[in-house]
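> Here's my sequence, what's the structure:
(one chain, ligands or ions: 1)
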Amino acid sequence: MSLQPKKVSSSVTIMTELVLPHHTNQLGKLLGGQLMHWIDICAAMSAGRHNQRVCVTASVDRIDFHHPISLGDPVTLMSSVNRVFNTSMEIGVKVFSENYLEGKRVHTNTAYLTFVCVDNEGRPVKAIEAIPDTKDEKRRFADALQRRKTRLKNRNI
Ligand SMILES: CC(C)(COP(=O)(O)OP(=O)(O)OC[C@H]1O[C@@H](n2cnc3c(N)ncnc32)[C@H](O)[C@@H]1OP(=O)(O)O)[C@@H](O)C(=O)NCCC(=O)NCCS
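Residues are numbered from 1 along each chain as shown. Model (predicted):
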């Protein structure tokens, strides 16, 4: 398996889901757990695509829900590798909801997840380095190091 570094852009994953009745609570708003599931799936695709290996979720940073998302709204998730450490990496996911009847698009959430690259027995293996290119990618790369320090300090075992 080649460990040749790759550009961050090759990990970008865009996923759109339509909020259906079984995704919602009694008020017709998207359930938080459903959104977290989509965030995990989108992030897993970025990690797996970048590494061409199975990558498992090791942790999810705090997620805040600022804007309710309604039944019938499309939800778009965009993820990419922010920074690779050794066997682990931070994946960032941005979530947007859309109301196409009103022509509005709202950035509802940002989430950071840590994925670990594993072998067939589930043991951590070296991940492929991700090279940031754009200004935003470089900012996320720099910020990811501080977030890693904080999450490892707060890690519960
Ligand atoms: C994630 C997992 C592979 C880590 O294995 P481990 O034997 O604990 O490995 P290590 O302690 O050597 O850690 C491996 C890497 O994960 C990182 N890591 C482990 N736990 C972490 C956490 N809670 N938060 C952030 N990073 C974490 C370590 O910092 C290390 O990163 P590095 O190699 O880039 O420095 C293992 O705990 C596991 O399989 N967990 C279950 C995964 C799963 O089922 N996910 C789905 C959730 S339901």
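
> List the strands paired with the lengthiest strand in the chain, with their directions.
Selection of the longest strand in the chain by residue count, based on DSSP state E, yields strand 104-117. Applying DSSP bridges, strand 104-117 is found paired with strand 55-60 (antiparallel), strand 88-99 (antiparallel).

> ranking those strands by burial, who's on top?
By mean neighbour count, with neighbours taken as mean count of other Cβ atoms under 10 Å, strand 88-99 ranks first of the strands paired with strand 104-117 at a mean of 22. Just so you know, the C-beta spots here come from the backbone N, C-alpha and C atoms, and that holds for glycine as well.

> Report the mean per-residue pLDDT for stretch 51-58.
Averaged over stretch 51-58, pLDDT sits at 97.

> ditto for stretch 63-80
pLDDT averaged over stretch 63-80 gives 96.

> Tell me the residues of the chain that contact the ligand?
For the chain, the residues in contact with the ligand (Cβ under 6 Å from any ligand atom) are 56-59, 85-88, 114, 116, 118, 122, 124, 151-152, 155.

> So which of these sits lowest on pLDDT?
Scoring the residues of the chain next to the ligand by pLDDT puts Arg155 last, at 85.

> returning to what we had before: I'd like the strands paired with strand 104-117 as TSV, with distance to Thr24 appended.
Below are the strands paired with strand 104-117 laid out as TSV (distance: least, Cβ to Cβ, whole Å):
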stretch	distance to Thr24
strand 55-60	22
strand 88-99	13
